[in-house]
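1. pasting the sequence and the predicted coordinates here, then a few questions.
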2 protein chains.
Amino acid sequence: MDATSSSETPQDTVYEEIESFFDSAPPLKDGADISRKLNEFIARDSHSTGKLVSDGGGGATRVVCVTSGGTTVPLEKRCVRYIDNFSSGHRGAASTEYFLKAGYSVIFLYRRGTFQPFCRSLPEDPLLECFEVSKELNVQARQSHSEAVKRAIGEHCAVWIAIDQGHLLKLPFTTIFEYLQILQLIAMSMKNLGKCAMFCLAAAVSDFYVPWKSMVEHKIQSASGPLDMRLVQVPKMLSVLRKDWVPMAFCISFKLETDSKILLEKAEMALKKYKMHLVVANELETRKEVVVVVTSSEKISVHRDKNEANADIESPLIKLLVEKHSSYIEGPDF
Amino acid sequence: MDATSSSETPQDTVYEEIESFFDSAPPLKDGADISRKLNEFIARDSHSTGKLVSDGGGGATRVVCVTSGGTTVPLEKRCVRYIDNFSSGHRGAASTEYFLKAGYSVIFLYRRGTFQPFCRSLPEDPLLECFEVSKELNVQARQSHSEAVKRAIGEHCAVWIAIDQGHLLKLPFTTIFEYLQILQLIAMSMKNLGKCAMFCLAAAVSDFYVPWKSMVEHKIQSASGPLDMRLVQVPKMLSVLRKDWVPMAFCISFKLETDSKILLEKAEMALKKYKMHLVVANELETRKEVVVVVTSSEKISVHRDKNEANADIESPLIKLLVEKHSSYIEGPDF
């Protein structure tokens, strides 16, 4: 970790951009409350489980921060219009489940309204339509939906157990400002975990934003003629997360493209530019069937198990990520 | 209805813009299916209820099209990023309930994922958390949530009854393209209802869009430097709806502003420019407490009944709109 070794990025410019981004951001609501929750979560986790995690790697508690869903970019201060990134949050929610099963504690930083861990098996009908009121005025599941509802409620109990036992902390965001502000708080709280910390950055983060200070106060008026908008690049927070915020943590980012031709090239670029340990490359249309895990030395295709009904691609993917994390923990400090 | 009387808008330009908008739009999925549903709905409604509607006005079946929620503007063809308009759809969902109670048949054109009629009284907790599996392996509502869940399921039955009896047709949209394409189909199907048709346009429609033909195919790349975007104005479909699509229908639009200073002025402008019969003026922060109904001859403030718990502002608002529609039906044809 050498702060002066990076020759390809003008590092000073990145720091300036980041300072300007945070300076211009609206203050984070409940920032103090989020910090308190994070510190309690990390302390409780280290305290209650001690050096307990089981699967081979170093023996200390492992904590992963999974980010999930898309960020919004407000176009007005009193926000009526905003730019949004499409993301259901399915990958982040599923990954959280498999990390918990692998013995990790998980900080789940998610976009409000997206998929939640252990809530993915809900029937497609609106939940309310699965129930009826019986003649005795009791609420009961409709015969046709009974099994699906039972399974969903059973799975959902897993969330409460994980939260109760201090293995899961859920933190919601909406805007790009909230996302990066909370991510920084999480990184600060995880810094001392050293190599046992992992960041699995699956959220779809906006590339461009309107700086809060230059944003109009009121709704943009639709006068005659076209609307020209200038959006500024969101500073590349990944490189600072990796280098300064959590220099020892195992860092994974995701690259989503719609054009398969440029996908692997972009993934390799991200690996080098932000010094990620690993980049997961997804193509929009096939992302639930196959992904490519890109490291500095290899490219591994991970496929969903087609022989098993309802199998998730996240099952083999998280297994591989956990193995890579173990090797990293066991490997030389540098 | 004089097609040549409008002197303030260059009408030819509007027609050209509209033609260009529809020409450049991606083809509507299930367009034929939607048309069939609409025709069945209108036919069934006229047939089954005949000239039956009760409350004073003209005696014929009244049908209202309520639009609800915000439209999106895709920024890429294989859409990852889009501009969205904030709107929960609460006003449209509540209005639909009160129109049904007033004896109207309702075509509810709503943004996917927004509030639905008769589903507004759900507990704030995620619905799944309201249930548990008993020792006998039956699904039951938790004691603490039992009453709320019972009320919600009871209310929800009202939706099924309304749909079954042919009084409610729900049609979903996401993009600005889908919204305007379906709105045109609805207008075509309602044209023959004459003055008994009402349009209650509560959706938050985008003012600007990227024409489909000039849109990039793939995800916009975040190269260095800022992103400049040029958005084109969405053609003012309101004036064509009013003048050509349904010249006899009673038309209501909504004006939402965050700046109270310009709100009434903008509402009056919309009334004149698009020849609406009535404009409902809302301010973002107070819209659940008070709105102003603007007509060519008066401005009426409508307040939520504060003496009644859980009272909606839509209760007195829809009552007033129904009265105005009755007067319109009874008034002179011109």
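-> Great, that's in hand.
2. quick check, the strand or helix carrying residue A:160 touching chain B?
-> For residue A:160, the host element (DSSP states H and E) is helix A:146-164. Yes. Shown here: helix A:146-164 in contact with chain B (CB under 8 Å from any CB of the partner chain) through A:146, A:149-150, A:152-154, A:156. Just so you know, the C-beta spots here come from the backbone N, C-alpha and C atoms, and that holds for glycine as well.
3. just the buried residues out of these, in ChimeraX syntax.
-> A single ChimeraX command selects the buried members of the residues of helix A:146-164 next to chain B (16 or more other CB atoms under 10 Å in any protein chain shown):
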select /A:149,150,152,153,156
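4. possible to save the residues of helix A:146-164 next to chain B as a markdown table with distance to residue A:183 and pLDDT?
-> Putting the residues of helix A:146-164 next to chain B into a markdown table (distance: CB to CB, whole Å; pLDDT from 0 to 100) gives the following:
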| residue | distance to residue A:183 | pLDDT |
| --- | --- | --- |
| A:146 | 41 | 80 |
| A:149 | 35 | 79 |
| A:150 | 37 | 80 |
| A:152 | 30 | 79 |
| A:153 | 32 | 80 |
| A:154 | 32 | 78 |
| A:156 | 27 | 78 |
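5. for the helix holding residue A:160, packing partners?
-> For helix A:146-164, the contact count by 3 or more CB pairs under 8 Å, 6 or more residues apart in numbering or on different chains; DSSP states H and E identifies helix A:90-101, strand A:168-173, strand B:131-133, strand B:139-141 as packing neighbours.
6. just put the ones you listed in CSV and tack on mean neighbour count and mean pLDDT.
-> As requested, the helices and strands packed on helix A:146-164 are arranged in CSV below (neighbours: other CB atoms under 10 Å in any protein chain shown; pLDDT from 0 to 100):
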stretch, mean neighbour count, mean pLDDT
helix A:90-101, 24, 95
strand A:168-173, 20, 96
strand B:131-133, 18, 77
strand B:139-141, 20, 79
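7. could you point out which of these sits nearest residue B:211?
-> Residue B:211 lies closest, by CB to CB, to one member of the helices and strands packed on helix A:146-164: helix A:90-101, at 31.2 Å.
8. could you point out which element follows the closest one?
-> Helices and strands here follow DSSP H and E; after helix A:90-101, the next one along the chain is strand A:105-111.
9. from the chain's centroid, how far away is the helix holding residue A:160?
-> 22 Å (CA atoms, centre = their mean, to the nearest Å).
10. partner residues bridging residue A:256?
-> Listed by DSSP bridges, the beta-bridge partners for residue A:256 are residue A:282.
11. hang on, isn't it packed against residue A:203?
-> No. When contacts are counted by CB atoms under 8 Å, residue A:256 is not listed as touching residue A:203 (10.7 Å).
12. so for those two, which residue has more residues nearby?
-> Between residue A:256 and residue A:203, residue A:203 has the larger neighbour count (other CB atoms under 10 Å in any protein chain shown), namely 27 against 22.
13. which residues touch the more buried one?
-> Residue A:203 makes contacts with A:67-71, A:87, A:92, A:109, A:111, A:179, as judged by CB atoms under 8 Å, 6 or more residues apart in numbering or on different chains.
14. how about residue A:280, what does it touch?
-> Residue A:280 makes contact with A:202, A:252-255, A:267, A:291-294, A:317 under the criterion CB under 8 Å, 6+ apart.
15. I'd assumed it was in a strand, is it?
-> Yes. When the secondary structure is assigned by DSSP: H, G, I helix; E, B strand; the rest coil, residue A:280 falls within a strand.
16. over to the residue nearest the centre of chain A: give its phi and psi.
-> With distances taken as CA atoms, centre = their mean, residue A:67 lies nearest the centre of chain A, 1.1 Å away. Note on residue A:67: backbone dihedrals following degrees, to the nearest 10 are phi -100, psi 150.
17. kindly state the beta-bridge partners for it.
-> Taking DSSP bridges, one finds residue A:109, residue A:201 as the beta-bridge partners of residue A:67.
18. confirm for me that it is in contact with residue A:182.
-> No. Counting by CB under 8 Å, residue A:67 does not reach residue A:182; the two are 9.3 Å apart.
19. what's the overlap in contacts for the two?
-> Between them, residue A:67 and residue A:182 share the contacting residues residue A:109, judged by CB under 8 Å, 6+ apart.
20. so what's residue A:238 up against?
-> Neighbouring residues of residue A:238 by CB under 8 Å, 6+ apart: A:201, A:251, A:253, A:270, A:274, A:276.
21. try it again with 7 Å
-> Contacts were defined as CB atoms under 7 Å, 6 or more residues apart in numbering or on different chains; by that measure residue A:238 touches A:253, A:274.
22. residue A:91 versus that one, what's the distance?
-> Applying CB to CB, to the nearest Å, one obtains 18 Å for the distance of residue A:238 from residue A:91.
23. ok, residue A:229 next?
-> Where residue A:91 is concerned, residue A:229 sits at a distance of 30 Å (CB to CB).
24. residue A:248 falls within a helix, correct?
-> No. Residue state for residue A:248 (three-state DSSP) corresponds to coil; a helix is not indicated.
25. so what's it closest to, chain neighbours aside?
-> What sits nearest to residue A:248 in space, not counting adjacent residues and going by CB to CB, 6 or more residues apart in numbering or on different chains, is residue A:194, at 4.4 Å.
26. doesn't that neighbour belong to a helix?
-> Yes. Judged by three-state DSSP, residue A:194 forms part of a helix.
27. please save the CA atoms from stretch A:197-207 in PDB.
-> Once side chains and other backbone atoms are set aside, the C-alpha atoms of stretch A:197-207 remain, and they are given as PDB (Å, rounded to 0.1, in the frame of the first residue of the first chain):
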ATOM      1  CA  ALA A 197     -12.900  -7.200   6.100                       C
ATOM      2  CA  MET A 198     -14.400  -7.600   2.600                       C
ATOM      3  CA  PHE A 199     -16.300  -5.100   0.400                       C
ATOM      4  CA  CYS A 200     -18.600  -6.600  -2.200                       C
ATOM      5  CA  LEU A 201     -19.700  -3.600  -4.100                       C
ATOM      6  CA  ALA A 202     -22.700  -4.800  -6.100                       C
ATOM      7  CA  ALA A 203     -24.700  -1.500  -6.100                       C
ATOM      8  CA  ALA A 204     -25.300   0.300  -9.400                       C
ATOM      9  CA  VAL A 205     -23.600   3.600  -8.600                       C
ATOM     10  CA  SER A 206     -24.300   6.700 -10.800                       C
ATOM     11  CA  ASP A 207     -21.400   7.900 -12.900                       C
END
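28. and the helices in chain A?
-> A:11-24, A:31-49, A:90-101, A:146-164, A:176-190, A:237-240, A:260-273, A:314-330 (DSSP state H).
29. hey, which of these is tucked in deepest?
-> The highest mean neighbour count among those belongs to helix A:90-101 (a mean of 24), with neighbours defined as mean count of other CB atoms under 10 Å in any protein chain shown.
30. residues in contact with it: which ones?
-> By CB under 7 Å, 6+ apart, the surrounding residues in contact with helix A:90-101 are A:64, A:66-69, A:106, A:108, A:110, A:115-118, A:120, A:162, A:167-168, A:200, A:202-203, A:312, A:314-315, A:318.
31. run the last query once more with 6 Å
-> A:64, A:66, A:68, A:106, A:108, A:115-117, A:162, A:202, A:312, A:314, A:318 (CB atoms under 6 Å, 6 or more residues apart in numbering or on different chains).
32. contact residues of chain A facing chain B?
-> Taking CB under 6 Å from any CB of the partner chain as the criterion, chain A approaches chain B at residues A:78, A:80-86, A:127-128, A:131, A:133, A:139, A:141, A:149-150, A:153, A:156, A:207-208, A:218-219, A:222, A:226-232, A:257-259.
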